[in-house]
Every structure is written in C-alpha cells, then in structure tokens.
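*Asks:* A structural model of the following input is requested.
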Amino acid sequence: MRYQTMIFRSTIVLIIGLIISSLYGQDSAAFPWPVGKKAALSLSFDDARLSNVDVGLSLFKKHDVRVTYYVVPGGVQQRLPQWRQAVADGHEIANHTLYHPCSGNFSWARSKALESYSLASMREELIEANQQIKSLLGVEPISSAACCGQTYVGSGTETRSYVPLIAELF
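*Replies:* As a prediction, this is how the structure comes out:
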C-alpha cells in the first residue's frame, strides 16, 4: 500500500510537470528554469521513518538531491543526530502533526482517529508539533502534509475540513 501511494504521488507530480510543460510549449523563456535545468521533481517523505535518515541521507548526499521530510517529532527524537544532519544538508523539514492521526477505519489508528478530532484539537496538535520541531531541529516548518491523505476531522454532521487551518498556519 505504501509503494502504491508513492507511485501515485510520483505520477501526479509527473502529470503536473507535463501540464506545465505543455502550457509553456517550446518557449523556454516563458518559464524561468534554473540555468541548465529542463525539469524538476519534488521528493517528499512522511512520518519521520527511521529509513528516511538511515538510508536516505547518504543516498541523497551522493546524488546532491534535496527533499522535503514531513516529520512527526517522536520519530525525529529516535534519530536526532541524523535529523540534524538532514537540516544541515539542506533538506526541508515540514510538519506531519504530533501523533499522526488517521482514519479510525484502521485498527492501529483508533486511539488517534481523525474522526475524534476537532478543528481546535488539530490546531493544538499542529502548533505543538511546530514547537517541538523548532526545539529539536532549529527550523520552523512552513508546510504540512494531510494525515493519511485525509483533509477532514470529525464525523457525520460534525465533519470539518482542516484545509483552511493548514492555510492559516502554514
């Protein structure tokens, strides 16, 4: 499932790139690419998984690539020196909440189900995660990823989008 999500995201990025390319056509002056560059790819990783820094840092350094890591502070604490190296290497650190809530449809997420969140509790969690990331890594996140691809909290008639909250905080 994780690889399917990664392939889906990569496909979306590729499609967006093709759309932009077709909009500008062959007129390279219409879009100001950096010198000598003809394309770009956005790489992002979420959850502060240990493999992100255990494997990723040396690989990205070898290829002179920068990525965005959407981190959960608890995961950062498990490999703090490596995450500090990620910052020193120029990777972007972004917010992926404090506890990574997900749909209560998943048994592993029922104790932190988005359906049990309110906009106020999501706000508190995002702000606290930002503070912890700043304290741990010395950087202030400027973006955030939707938890499990869901952009709402609550359930039934109490379901609310937290997209405006993300727009306000980031």
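*Asks:* pLDDT below threshold where in the chain?
*Replies:* For the chain, the stretches with pLDDT under 70 are 1-30.
*Asks:* how far away is the residue nearest in space to the middle of it from residue 146?
*Replies:* Geometric centre of the chain, nearest residue: residue 70, 3.5 Å, by Cα atoms, centre = their mean. Distance of residue 70 to residue 146, computed by Cβ to Cβ, to the nearest Å: 10 Å. Glycine gets a C-beta too; all of them are placed from N, C-alpha and C.
*Asks:* One more: residue 122?
*Replies:* Taken as Cβ to Cβ, the span from residue 122 to residue 146 is 11 Å.
*Asks:* same deal with residue 134?
*Replies:* Residue 134 is 21 Å from residue 146, by Cβ to Cβ.
*Asks:* re the thing from before, I'd say the residue nearest to the centre of the chain and residue 92 touch.
*Replies:* No - with contact defined as Cβ atoms under 8 Å, residue 70 does not reach residue 92; the gap is 9.3 Å.
*Asks:* Spit out the residues that contact these two alike.
*Replies:* Here residue 70 and residue 92 have residue 143 as joint contacts, going by Cβ atoms under 8 Å, 6 or more residues apart in numbering.
*Asks:* Can you classify residue 93 by secondary structure?
*Replies:* State at residue 93, reduced to three classes by DSSP: H, G, I helix; E, B strand; the rest coil: strand.
*Asks:* what's the closest non-adjacent residue to it?
*Replies:* Closest residue to residue 93 apart from its sequence neighbours, by Cβ to Cβ, 6 or more residues apart in numbering: residue 139 at 5.1 Å.
*Asks:* what are the ranges of the helices in this structure?
*Replies:* Remark: helices assigned in the chain by DSSP state H are 2-24, 50-54, 56-62, 73-78, 80-88, 119-137, 163-169.
*Asks:* Can you spell out the domain ranges of the chain, please?
*Replies:* 1-30, 42-169 (automatic domain parsing).
*Asks:* Of those, flag the one that's most buried.
*Replies:* domain 42-169 (a mean of 16; mean count of other Cβ atoms under 10 Å).
*Asks:* Quick check: residue 117 touching residue 152?
*Replies:* No - in this structure, residue 117 is not within contact of residue 152 by Cβ under 8 Å, at 9.1 Å.
*Asks:* do you know how far residue 42 is from residue 68?
*Replies:* In terms of Cβ to Cβ, residue 42 sits 7 Å off from residue 68.
*Asks:* Give me the contacts around stretch 82-93.
*Replies:* By Cβ under 8 Å, 6+ apart, stretch 82-93 touches 48, 52-54, 57, 60-61, 66-69, 71, 76, 133, 136-139, 141-143.
*Asks:* Try it again at 6 Å.
*Replies:* 53, 66-69, 71, 76, 137, 139 (Cβ atoms under 6 Å, 6 or more residues apart in numbering).
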